[in-house]
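In: predicted model and sequence follow; I will ask about them next.
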Amino acid sequence: MSDTTDYERRISAALARIGAGLERLGQGGAVAAPAADGDAALREALEAERLANAQLSERVRAIRDKQETTLGALERKLAAAKTEIEQHLRDLVRMRRANADLVAANRALTETARAGLADPEAVNRALQAELTALRAERAAEVAELDDIIAGLAPLVAPAESQEAEHA
């Protein structure tokens, strides 16, 4: 961004010099008429300034285009990441709710088994289902942590390389 500001400042200064030169040429009698060599030198200088101005303007345009492209790409990546995170959170909430319901049902089944009213095989199946659900929840949490680590890896890598250089 400082390059853009510097280019704009240089363009403004060049335009001011061109304007001052044109004013001197336009005044005629107030300024001594330049010699033929001086006139040619002024025209060359003016042309050089115009060329420099055009080059700077092109650089400024290129920098702005690059910034807009980069910003657009980053905004798209951010939107995709937000959508993915929101989906993971919805899945996690749904899984936790299901697990809480399963745990409550298993507790009730265990209580009826203690009272001698339930089939012990049904209790074992219910407990096995609860273990499976808990394992699935842990796997989902590991997947979520892997996504977080993958997202942080590009941010951490430059810091680690800087630490290695300073060590």
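Out: Happy to help now that I have it.
In: contacts and neighbour counts: CA atoms only from here.
Out: Will do.
In: where does pLDDT dip in this structure?
Out: The chain contains residues with pLDDT under 70 at 1, 28-36, 159-164, 166-167.
In: quick one, longest helix in it?
Out: Scanning the chain for the longest helix, with DSSP state H as the assignment, gives helix 36-114.
In: so how far is that one off the chain centroid?
Out: Taking CA atoms, centre = their mean, to the nearest Å, the mean C-alpha location of helix 36-114 is offset from the chain mean by 4 Å.
In: next SSE after it?
Out: Using DSSP states H and E, the helix or strand that follows helix 36-114 in sequence is helix 120-166.
In: how far away is the residue of the chain positioned farthest from its centre from residue 110?
Out: In the chain, the residue that sits farthest from the middle, by CA atoms, centre = their mean, is residue 116; the gap is 61.1 Å. Separation of residue 116 from residue 110 (CA to CA, to the nearest Å): 10 Å.
In: try residue 132
Out: Noted for residue 132: a distance of 17 Å to residue 110, by CA to CA.
In: out of these two, which sits in the more crowded spot?
Out: residue 110 (21 against 13; other CA atoms under 10 Å).
In: surely that one and residue 123 touch.
Out: Yes - using CA atoms under 8 Å, residue 110 is in contact with residue 123, at 6.5 Å.
In: which elements pack onto the longest helix of the chain?
Out: Under the contact criterion of 3 or more CA pairs under 8 Å, 6 or more residues apart in numbering; DSSP states H and E, helix 36-114 touches helix 2-27, helix 120-166.
In: that one vs helix 2-27, what angle?
Out: 160 degrees (axes from the mean of the first three to the mean of the last three CA atoms, to 10 degrees).
In: how far off helix 120-166 does helix 36-114 point, in degrees?
Out: Per the same axes, to 10 degrees, the angle that helix 36-114 makes with helix 120-166 is 150 degrees.
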